Each structure stands twice: as structure tokens, then as C-alpha cells.
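J.: show me the folded form of this:
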Amino acid sequence: QVQLVESGGGLVQPGGSLRLSCAASGSIFSINAIGWFRQAPGKEREGVSCISRSGGVTIYQNSVKGRFAISRDNAKNMVYREMNFLKIEDTAVYYCAGGHYCSESANNYIHWGQGTQVTVSS
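T.: Numbering: from 1, shown residues only. Alright, predicted model coming up:
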């Protein structure tokens with residue numbers, strides 16, 4: 001079994017920054033990819049980006065290009081999401097998810113964290 005725990009969410013003003021963390025534990029050898037998803041109120045969950053075990057990054061949302069970055073530390077079993085120049089429309093619950101390969105579809109991920117709330121508001 002794999003456990004994923006997100007942290008780092010909170011309230012930030014527009015233009016501000018946050019760093020989310022995703023800590024993995026358990027049978028992590030089964031995970032080759034960690035994806036970040038978000039779900040805003042009244043909207044469907046959407047894939048934001050993904051990082052493979054080797055560090056390859058795929059960004060699924062054009063709206064975050066140049067603002068969000070994803071990285072991982074395999075030695076610490078951690079994945080990080082740096083979010084800069086945050087906008088009100090970035091407000092959502094952010095989830096990390098583990099799967100065998102990167103995909104924009106949530107259906108391809110096996111393990112999910114509980115989510116962390118990010119609120120961008122003045």
C-alpha cells in the first residue's frame with residue numbers, strides 16, 4: 001500500500017507564492033509517476049502536471065506554464081510543487097496522485113492524497 005500526504009496549502013494574496021509538498025510512504029517502488037491535480041468549487045478535477053521517476057515533467061494546463069514548477073527528491077520520497085504569481089482562479093483543492101505513468105486523466109492514478117486547500121484571495 002502507498003500513502004500520499006500533501007501539505008503546504010493555505011491562503012495567499014494574488015501574485016503570491018506557495019510551495020506544496022507530497023510525501024510518499026509505503027510500497028513506493030510501485031509508483032513511477034506523481035501527478036498534481038486540482039479541483040475548484042463546482043468544477044471537475046483537472047490534471048495540472050506530472051513528474052516521472054526520472055524527473056521528466058509534463059504540464060497539462062497552459063494556464064500554469066511559467067508559474068508552476070514540479071520537482072522531486074527520490075531520496076526523500078518527496079514531490080514538490082512551486083506555485084508563483086498565483087491567481088484567484090488557482091483557488092482549489094490540490095491533490096497529488098501516484099501511478100505507473102504520467103497521464104492527464106485521473107483514472108490512470110492508483111493512489112491519492114487527501115488534498116490541501118489553496119485559496120488565492122485579496
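
J.: going by C-alpha atoms from here, please, whenever you check contacts or count neighbours.
T.: Fine.

J.: do a quick rundown of the strands in this structure.
T.: 2-7, 10-12, 18-26, 33-39, 46-52, 57-59, 68-73, 78-83, 92-99, 109-112, 116-120 (DSSP state E).

J.: let me have the ones you listed in a markdown table, extended by mean pLDDT.
T.: Shown next, in a markdown table, are those (pLDDT from 0 to 100):
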| stretch | mean pLDDT |
| --- | --- |
| strand 2-7 | 95 |
| strand 10-12 | 98 |
| strand 18-26 | 94 |
| strand 33-39 | 96 |
| strand 46-52 | 95 |
| strand 57-59 | 92 |
| strand 68-73 | 94 |
| strand 78-83 | 95 |
| strand 92-99 | 97 |
| strand 109-112 | 96 |
| strand 116-120 | 98 |
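
J.: turn those strands into JSON lines, columns for mean neighbour count.
T.: Output for the strands of the chain, formatted as JSON lines (neighbours: other CA atoms under 10 Å):
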{"stretch": "strand 2-7", "mean neighbour count": "19"}
{"stretch": "strand 10-12", "mean neighbour count": "16"}
{"stretch": "strand 18-26", "mean neighbour count": "19"}
{"stretch": "strand 33-39", "mean neighbour count": "25"}
{"stretch": "strand 46-52", "mean neighbour count": "23"}
{"stretch": "strand 57-59", "mean neighbour count": "18"}
{"stretch": "strand 68-73", "mean neighbour count": "18"}
{"stretch": "strand 78-83", "mean neighbour count": "19"}
{"stretch": "strand 92-99", "mean neighbour count": "25"}
{"stretch": "strand 109-112", "mean neighbour count": "18"}
{"stretch": "strand 116-120", "mean neighbour count": "21"}
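
J.: and the closest residue to Ser71 other than its chain neighbours, what are its bridge partners?
T.: Using CA to CA, 6 or more residues apart in numbering and skipping the chain neighbours, the partner closest in space to Ser71 is Tyr80 (5.2 Å). Here Tyr80 shows beta-bridge partners Ser21, Ser71, assigned using DSSP bridges.

J.: right, and Tyr80 touches Gly9 too?
T.: No: counting by CA atoms under 8 Å, Tyr80 does not reach Gly9; the two are 11.9 Å apart.
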